[in-house]
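Colleague: Sequence and computational prediction follow.
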Amino acid sequence: TGEGVGEDDAAARDWYAKAAASGGRGARLALRALGAMLLFGEGGPADTIGGYALLLIAAEAGDRTAAQLLATATTHFTPEARAAASRIATDWLAANPVPIL
């Protein structure tokens, strides 16, 4: 949010990615925030399928806001795009710690 400093969405993306991969206490929030940033192209180029994948992981880990974002976004994705996001989510989970529930 840039409290006390200028807002830097690119740096926020980087920090959210590190927190999401940690599997620590804030992993769900970081997955949701990074997923939304990727989905909407905040702090860098949009990666809609990658963002959708991270929202899937956050929602499966129990993040209600991520589930709400997915419910809204799902209508904008083809079945093929949703399947691709699911594969990305599976690969991400294989390479990273499972987020704390």
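Modeller: Cool, the structure landed.

Colleague: Report the separation between residue 76 and residue 24.
Modeller: 31 Å (C-beta to C-beta, to the nearest Å). Quick note: C-beta positions are derived from backbone N, CA and C, even for glycine.

Colleague: Which one's more surrounded, those two?
Modeller: Between residue 76 and residue 24, counted using other C-beta atoms under 10 Å, the more crowded position is residue 24 (14 against 10).

Colleague: what's stretch 84-101 in contact with?
Modeller: 20-25, 27-28, 31, 49-50, 52-54, 56-58, 60-62, 77 (C-beta atoms under 8 Å, 6 or more residues apart in numbering).

Colleague: Which of those residues are buried, as a PyMOL select command?
Modeller: Filtering these down to the buried ones (16 or more other C-beta atoms under 10 Å) takes a single PyMOL command:
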select buried, resi 20+21+27+28+31+49+50+52+53+54+56+57+58+60+61+77
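
Colleague: Can you tell me how far the residue nearest to residue 19 when sequence neighbours are not counted is from residue 52?
Modeller: For residue 19, ignoring the flanking residues on the chain, the nearest one in space by C-beta to C-beta, 6 or more residues apart in numbering is residue 30 at 3.6 Å. Separation of residue 30 from residue 52 (C-beta to C-beta): 16 Å.

Colleague: swap in residue 94?
Modeller: 18 Å.

Colleague: Who are the contact partners of the most centrally placed residue in the chain?
Modeller: Most central in the chain under C-alpha atoms, centre = their mean is residue 35, positioned 2.3 Å from the mean C-alpha point. The contact partners of residue 35, by C-beta under 8 Å, 6+ apart, come to 50, 51, 52, 53, 54, 55, 57, 58, 66, 69.
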